[in-house]
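> Here is my input, please return the structure:
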Amino acid sequence: MSTSKAKNEGTERGSAMIISVLVTAIMSLLGISYLLMADTENRIAENEKLAGQALYFGEGTVREVKRWFDRPPYVLGGTQNLVKPLTSVVVRTSRMIDIDGDGPTAAVAADGTAGKPYYKVAIDRDLDGNDDIFDKPYRSALGDMLVGTEAGPDIVIDRAAGSGTATFLDGLADKIAPNFPASTAGVRARVKRIDIYEPPYYTIAGVWTRYGMGTVKATVEIVRTQGSSTNIIATRIVKAVLNETPYPGPFGPLHSCAELNWNGNFHVHWGPSTAVGNADPKSLKMPDSIPRDVPPSPQVDLLEGWQSPGQDAVWTTLKTSLEANKAIEDPWWRLIIGGVNKDFAGIMTQQIAAPSPTLPDMSNNFHRMDPLVGCPEFDYNTWKDIAKSGGSDVHYYTWDNGSAFSENGSGPVTQMRTLTDNKTGLFFFDTKDKSPPNPTGTNLTPEISLSGGTYGSRGFVYLNSSNFETRGLGGRSIDMLWPGEPYRDKNQNGVHDTGEEWINLNYNTISTTDPYAFPRGSAADNYDPLGGGAAIWNQYGPAITGQTAAFWGVLYMSGTLDAQGNADYYGSVITKGGMADKMTGTPNMWWDPRLKDNWPPPGWNLPRVVISRWQTDL
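Predicted coordinates:
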């Protein structure tokens with residue numbers, strides 16, 4: 001019995017050893033697996049961090065490219081960009097021209113010819129010696145539009161193109177995010193490539209339609225440098241669709257979405273003034289102008305003899321007569337009313353006076369034009385979103401009391417006058433309840449009245465006040481331009497096309513009738529700003545120095561306008577509620593011709609484009 005017991009005890013001691021070894025091995029394996037899992041989790045977290053850093057850096061790169069369109073690099077405002085993309089680093093020869101996305105027309109390679117141009121090559125409208133790569137217009141000629149494909153972009157900036165481009169992109173990266181994310185540890189973000197090409201296309205009623213102005217694609221990397229070795233540790237691609245900022249509609253100095261009423265010596269100059277409802281100019285002396293026909297819309301200006309063929313002899317007679325030293329008080333003035341002009345209520349025809357075949361006259365006055373007369377629309381929600389998007393000189397204000405507002409609802413409470421005087425920007429002043437203006441106008445803020453002293457604001461002002469009043473304001477300096485020469489719009493498209501004749505104006509002689517209009521003067525004066533003496537069609541006239549205005553740009557108001565005293569406005573005024581019946585004194589409104597094709601001016605730092613869509617999960 002005792003011998004058997006001793007044998008069993010020895011056997012048990014051996015099995016305990018084995019179990020102990022197994023347990024130790026299992027625990028070691030578990031420990032190792034936990035260490036491996038922890039290392040894997042750390043690697044995943046590190047990769048996620050790097051991917052996030054690359055994403056943020058890519059978004060910053062796209063936003064800087066957007067600013068190149070807001071502030072074209074070669075104009076004065078371009079100095080405020082982080083860097084200046086010189087033409088030496090921009091490649092435009094990869095372009096594949098695509099006019100309908102996935103539609104039936106195949107993309108073709110650009111070759112620099114008239115039918116297959118590269119993007120904005122040799123296009124220098126501002127005559128500064130540089131191609132207008134990021135400047136307007138963005139349509140409608142192939143050379144101006146972004147119609148390249150993703151595989152064949154209009155613009156490529158690729159670090160692989162050479163050391164000069166790599167140096168430029170590294171400088172851009174240092175400006176966007178200095179020392180990011182950890183340059184002291186040899187880890188930094190860099191831009192690999194920037195592509196700019198067509199926007200997305202969608203089929204609408206069977207037609208392939210562009211969704212935007214263009215697409216910006218930024219490929220960025222996070223790299224780690226150790227000694228002479230550089231390794232890519234993260235890569236992201238960020239895309240954004242750009243749209244032109246919707247400054248829509250203004251084509252003249254004054255537009256009323258209701259009625260037009262004024263008193264005193266109030267005058268409007270240099271373009272069409274419109275009213276959806278009736279107008280009561282109160283026997284205002286309308287300036288004589290070039291004889292005109294009834295237009296198909298207020299945006300189209302049809303001079304007498306515009307039809308070709310059919311009216312060639314009429315046009316020749318009119319042109320010859322007007323250019324023979326005839327005085328034209330205001331070659332661009334038109335009054336277009338949807339309702340009735342109360343000064344001529346008995347005239348049932350749309351045109352107040354028939355056009356003369358040879359002399360300036362009052363055929364530029366039209367009424368009973370409903371429903372052709374609309375109102376430029378500035379959508380409340382769209383502009384509120386743009387104002388809240390941030391960026392240089394973009395401001396959103398909430399109402400506090402009276403005419404005092406707070407920026408973004410958190411800034412100091414300040415009077416509207418102080419917020420805008422002697423400043424340039426996009427200024428959006430919200431309603432009382434931060435909701436779109438209601439049909440009765442009860443949520444509009446109280447009247448804003450600017451009276452006395454010197455005041456001047458430049459840019460785009462969006463007011464949601466019940467009334468806006470100016471009285472006795474001295475304005476600030478502005479940069480005025482004569483409008484371009486009126487032309488024979490044969491195809492009624494509102495654009496001067498090659499081959500369309502024009503009235504050759506003399507911009508050098510001042511009229512005694514209207515101090516800012518002019519007669520023909522000498523028939524030998526052709527005014528060619530490029531020199532050479534040959535007669536050319538002038539898109540703009542020469543500059544006019546020494547002028548001032550209370551507002552320069554676009555002033556939109558949801559309520560009514562009451563301009564009194566001697567305040568001048570240069571640009572376009574749109575009043576949703578119409579004009580108050582007081583309207584006294586000698587205020588003037590002048591049309592800025594740049595509003596139609598190159599506004600806002602590049603140096604104003606207003607957003608020319610907005611990002612309408614992001615794709616960041618790449």
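
> Now do the helices in this protein.
Counting by DSSP state H, the chain has helices at residues 2-70, 163-176, 312-322, 380-388, 416-420.

> In a markdown table: these, plus mean neighbour count and distance to residue 562.
(Each C-beta comes from the backbone N, C-alpha and C, glycine too.) Listed next are those as a markdown table, based on neighbours: other Cβ atoms under 10 Å; distance: least, Cβ to Cβ, whole Å:
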| stretch | mean neighbour count | distance to residue 562 |
| --- | --- | --- |
| helix 2-70 | 13 | 34 |
| helix 163-176 | 17 | 47 |
| helix 312-322 | 17 | 37 |
| helix 380-388 | 16 | 22 |
| helix 416-420 | 20 | 15 |
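
> Can you tell me which of those has the worst average pLDDT?
Lowest mean pLDDT within the helices of the chain: helix 2-70, at a mean of 76.

> Against which helices or strands is that one packed?
helix 163-176, strand 187-197, strand 214-226, strand 229-244, strand 609-615 (3 or more Cβ pairs under 8 Å, 6 or more residues apart in numbering; DSSP states H and E).

> and residue 603, which of the helices of the chain is closest to it?
helix 2-70 (10.7 Å; Cβ to Cβ).

> quick one, the closest one and strand 609-615 angle?
160 degrees (axes from the mean of the first three to the mean of the last three Cα atoms, to 10 degrees).

> that older thread, out of the helices and strands packed on helix 2-70, which is the most enclosed?
strand 187-197 (a mean of 23; mean count of other Cβ atoms under 10 Å).

> how much does it deviate in direction from helix 2-70?
Using the same axes, to 10 degrees, strand 187-197 lies at 50 degrees relative to helix 2-70.

> Run through the strands of the stretch 301-450 of the chain in chain order.
Taking DSSP state E, counting those that start in this stretch, the strands of the stretch 301-450 of the chain run over residues 327-328, 334-337, 365-366, 394-401, 404-407, 414-415, 423-429, 448-451.

> Redo those strands as CSV? Include mean pLDDT and mean neighbour count.
Output for those, formatted as CSV (pLDDT from 0 to 100; neighbours: other Cβ atoms under 10 Å):
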stretch, mean pLDDT, mean neighbour count
strand 327-328, 80, 22
strand 334-337, 94, 25
strand 365-366, 94, 24
strand 394-401, 95, 19
strand 404-407, 96, 19
strand 414-415, 96, 15
strand 423-429, 95, 22
strand 448-451, 92, 19
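
> Reformat those strands as a markdown table; add distance to residue 602.
What follows is the strands of the stretch 301-450 of the chain, written out as a markdown table (distance: least, Cβ to Cβ, whole Å):
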| stretch | distance to residue 602 |
| --- | --- |
| strand 327-328 | 32 |
| strand 334-337 | 29 |
| strand 365-366 | 35 |
| strand 394-401 | 16 |
| strand 404-407 | 25 |
| strand 414-415 | 29 |
| strand 423-429 | 12 |
| strand 448-451 | 28 |
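
> Need phi/psi at the nearest residue in space to residue 199 that is not next to it in sequence.
Nearest residue to residue 199 in three dimensions, chain neighbours excluded: residue 212, at 3.4 Å (Cβ to Cβ, 6 or more residues apart in numbering). In terms of degrees, to the nearest 10, the main-chain angles of residue 212 are phi 120, psi -170.

> For residue 212, list the residues it contacts.
199, 200, 241, 242, 243, 612, 613 (Cβ atoms under 8 Å, 6 or more residues apart in numbering).

> where's the closest residue to the last one other than its chain neighbours relative to residue 391, distance?
Using Cβ to Cβ, 6+ apart and skipping the chain neighbours, the partner closest in space to residue 613 is residue 241 (4.1 Å). Noted for residue 241: a distance of 17 Å to residue 391, by Cβ to Cβ, to the nearest Å.

> what residue ranges in the chain are flagged as low confidence?
Scanning the chain for pLDDT under 70 picks out the ranges 1-13, 34, 38-44, 76-77, 248-249, 264, 283-285, 508-534, 580-585, 618.

> Report the residue ranges of every domain in it.
Annotated domains of the chain cover 60-244, 277-373+481-541, 380-465 [automatic domain parsing].

> roughly how far out does the second one sit from the chain middle?
Centroid displacement of domain 277-373+481-541 relative to its chain, using Cα atoms, centre = their mean, to the nearest Å, is 29 Å.

> What of the longest one?
Domain 60-244 sits 18 Å away from the centroid of its parent chain (Cα atoms, centre = their mean).

> And that domain, end to end?
20 Å (Cα to Cα, to the nearest Å).

> can you check the shortest one too?
The straight-line separation of the ends of domain 380-465 (Cα to Cα) is 13 Å.

> picking that back up, between the contacts of residue 212, which sits nearest residue 49?
residue 613 (26.5 Å).

> how about the helices and strands packed on helix 2-70, which one is nearest residue 408?
strand 609-615 (18.3 Å).

> Mind listing the residues bridging to residue 96?
In this entry, residue 96 is beta-bridged to residue 109, by DSSP bridges.

> Kindly tell me how buried it is, as a neighbour count.
Using other Cβ atoms under 10 Å, residue 96 is surrounded by 20 other residues.

> Likewise for the one 3 residues further on?
Taking other Cβ under 10 Å as the criterion, the count of residues near residue 99 is 16.

> Make CSV from the domains of the chain and add distance to residue 561 to it.
Output for the domains of the chain, formatted as CSV (distance: least, Cβ to Cβ, whole Å):
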stretch, distance to residue 561
domain 60-244, 27
domain 277-373+481-541, 14
domain 380-465, 10
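
> Format the helices of the chain as a markdown table; extra columns: distance to residue 471.
As requested, the helices of the chain are exported to a markdown table (distance: least, Cβ to Cβ, whole Å):
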| stretch | distance to residue 471 |
| --- | --- |
| helix 2-70 | 35 |
| helix 163-176 | 47 |
| helix 312-322 | 39 |
| helix 380-388 | 27 |
| helix 416-420 | 12 |
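
> Which one, of those, ends up nearest to residue 496?
helix 312-322 (14.9 Å).

> Extract the C-alpha trace of the closest one and format it as CSV.
Extracted in CSV, the C-alpha atoms of helix 312-322 (Å, rounded to 0.1, in the frame of the first residue of the first chain):
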residue,chain,number,x,y,z
ASP,A,312,-29.5,98.2,-93.5
ALA,A,313,-30.4,101.5,-95.1
VAL,A,314,-32.2,102.6,-91.9
TRP,A,315,-29.1,101.8,-89.8
THR,A,316,-26.7,103.5,-92.2
THR,A,317,-28.8,106.7,-92.2
LEU,A,318,-29.1,106.7,-88.4
LYS,A,319,-25.4,106.0,-87.8
THR,A,320,-24.2,108.6,-90.3
SER,A,321,-26.5,111.2,-88.8
LEU,A,322,-25.7,110.6,-85.1
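
> Span of stretch 82-98 from start to end?
Using Cα to Cα, the distance between the terminal residues of stretch 82-98 is 31 Å.
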